[in-house]
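Participant: please work out how this folds:
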Amino acid sequence: MTGYTEEELLAMAPVEIFTKESQKIFLKRLSQIIAGEPISKDIVYQCIKKNGDIWWALLNPNNTSKFDISDSTFCGSFFKNHLS
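Facilitator: This next block holds a predicted model:
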């Protein structure tokens with residue numbers, strides 16, 4: 001789907017696959033999650049494939065409750081579950 005290998009995705013920060021505008025939205029929402037603030041259930045992000053094409057991803061923040069977002073395994077789990 002993304003054009004990246006699993007190894008490439010695991011080496012990336014989650015925001016690296018998003019467009020600049022979606023990176024801002026993602027980081028704001030992540031800050032809200034960390035602060036314990038409520039956020040809307042689903043959000044659509046613009047993502048960039050390895051070849052530069054844009055695609056859309058619907059993500060649900062409920063998935064983050066399964067992971068300690070301060071743990072490095074969060075990034076790997078995020079990509080394994082949503083982008084591979």
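
Participant: most centrally placed residue in the protein?
Facilitator: Pro14 (4.6 Å; Cα atoms, centre = their mean).

Participant: now do that residue against Lys49, distance only.
Facilitator: Using Cβ to Cβ, to the nearest Å, one obtains 15 Å as the distance from Pro14 to Lys49. Glycine gets a C-beta too; all of them are placed from N, C-alpha and C.

Participant: hang on, the residue nearest to the centre of the chain packs against Phe26?
Facilitator: Yes. If you go by Cβ atoms under 8 Å, Pro14 and Phe26 touch, sitting 7.2 Å apart.

Participant: helix or strand: which one has Trp55?
Facilitator: Using DSSP states H and E, Trp55 sits in strand 54-59.

Participant: sheet partners, orientation included, of that strand?
Facilitator: Strand 54-59 pairs in its sheet with strand 43-48 (antiparallel), by DSSP bridges.

Participant: which residues sit against stretch 46-55?
Facilitator: By Cβ atoms under 8 Å, 6 or more residues apart in numbering, the residues outside stretch 46-55 that reach it are 1-4, 8, 17-19, 21-22, 56-57, 83.

Participant: can I get the buried part of these as one PyMOL selection?
Facilitator: Those of the contacts of stretch 46-55 that count as buried under 16 or more other Cβ atoms under 10 Å are selected in PyMOL with:
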select buried, resi 2+4+17+18+22+57+83
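
Participant: got the contacts of stretch 46-55 as TSV, with distance to Ile39 columns?
Facilitator: Formatted as TSV, the contacts of stretch 46-55 follow (distance: Cβ to Cβ, whole Å):
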residue	distance to Ile39
Met1	25
Thr2	24
Gly3	29
Tyr4	27
Glu8	28
Ile17	20
Phe18	16
Thr19	20
Glu21	17
Ser22	15
Trp56	19
Ala57	16
Leu83	20
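
Participant: in strands, which of the contacts of stretch 46-55 appear?
Facilitator: The strands, defined by DSSP state E, take in 56-57 from the contacts of stretch 46-55.
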